[in-house]
Structures are given as structure tokens and as C-alpha cells.
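K.L.:
Based on what follows, work out the 3D shape:
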Amino acid sequence: MNPATAINVSTLAIIAVLFALHTRTFIKGGKDPKVLLTGIGGMIAGSSLAMSVGGALGLAATYIVGSTNTAAAVAPWATGTSDRTLASGSPQGLTMEGGIIVLVVSVIAWVSIREAGKKERLRLLGGLISGAALTYTAGFGGLVNSTLIPIYNGIGGQLVSFVENLA
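P.N.:
Have a look, this model is predicted:
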């Protein structure tokens, strides 16, 4: 496993396959919203890991992305094409208060994955891997920077303010 902060086109192919399988499960399963929510929850958890730049959770995300890049080497081999790195971005602006929320989300994700049934666990893990990897792209990373990080910072700031003003 190598740490990485960018993804290859072949990793994007693996993520596209995960999305296609997830969508197929949603449609075949009677369009149950719970099926979509497990994947979306996993993506939020993966993005949360990746936004912890420099921390242990961020390090875990870089290893997830590195492993995905390595495993995805089969895509160019299978298609006879060459691979390249996508335009990368990095999450920025997370405060310590937002870090508290990232930790809470990460623990909830870990517990959810541990307690989930086999099919739900696979959907959560697929979402987590996709979310972590996509956060290191310019587009999805920019989306995380403009939406998720301010939300986490705001909630964390409110939590700290609430606790400080209890007395």
C-alpha cells in the first residue's frame, strides 16, 4: 500500500463500476431509499476521512486511495489503454472544531460498518472508498471544500460555543 493524494483514471473506472452496481441494486431492489443512503453515507464518511489532512484519519484516507490506485491497474490492462492521474485537489480549511465533527462521523461510520449486514457493509465500504478517492480530485474536492467543511466547522463551532457558555 502506498499513500496517495491523487487518483488515476483507472481508479475512476473502479468508482464508476461501484456506482453502476449500486444503482443497479437500487433499481432492482424496488427503489428503496435505504439502499442509496448507505452508499451516500459511506461517501460522506470517506470524504470526512480525506478532509483530515495531516491527521491519522487523513493518513488512512491516503492509504485507501493508494490501494485503490494500485488495485485499479487492472483497468488499463483489461482495456489495452494507458492510465494517467486526474487533476487533483486537496481538502482545506478544516478547523479543530470541525475536526471534532469529523471524528464523530468517522466513529459512527466505523460502528455502522461493523454492525451492518454483509450487503449493507459492502455498500458502505464502496461508498467510503469512493468518497475518500473522489475527495482528492479537483471537482469533488472543491465540492467538499465548499459544502462539507463549512458545515463541519459550523457545527463544531456551535458545539464548542455551547459548552463554553454552559456556566
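
K.L.:
Low-confidence regions, this structure specifically.
P.N.:
Along the chain, segments meeting pLDDT under 70 span 1-2, 167.

K.L.:
Could you pull out the helices in it for me?
P.N.:
With DSSP state H as the criterion, the chain has helices at 9-28, 33-50, 56-71, 74-79, 96-115, 118-135, 138-143, 149-164.

K.L.:
Any chance you could list what contacts the first one?
P.N.:
Which is helix 9-28. Here helix 9-28 makes contact (Cβ atoms under 8 Å, 6 or more residues apart in numbering) with 32, 35-36, 39, 65, 68-69, 71-76, 83-86, 123, 126-127, 129-130, 133-134. Any C-beta I mention is one placed from the backbone N, CA and C, and that applies to glycine too.

K.L.:
can I get the helices of the chain in TSV with mean neighbour count?
P.N.:
TSV is the format used below for the helices of the chain (neighbours: other Cβ atoms under 10 Å):
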stretch	mean neighbour count
helix 9-28	16
helix 33-50	22
helix 56-71	19
helix 74-79	13
helix 96-115	16
helix 118-135	22
helix 138-143	16
helix 149-164	14
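
K.L.:
To residue 90, which of the ones you listed lies closest?
P.N.:
Nearest to residue 90, of all these, is helix 138-143, at 6.4 Å by Cβ to Cβ.

K.L.:
which other helices and strands contact the closest one?
P.N.:
When contacts are defined as 3 or more Cβ pairs under 8 Å, 6 or more residues apart in numbering; DSSP states H and E, helix 138-143 packs onto helix 118-135.

K.L.:
Against residue 21, how distant is the nearest residue to residue 74 once chain neighbours are set aside?
P.N.:
Here the nearest residue to residue 74 in space, its sequence neighbours aside, is residue 10; by Cβ to Cβ, 6 or more residues apart in numbering that works out to 7.6 Å. Distance, residue 10 to residue 21, using Cβ to Cβ, to the nearest Å: 17 Å.
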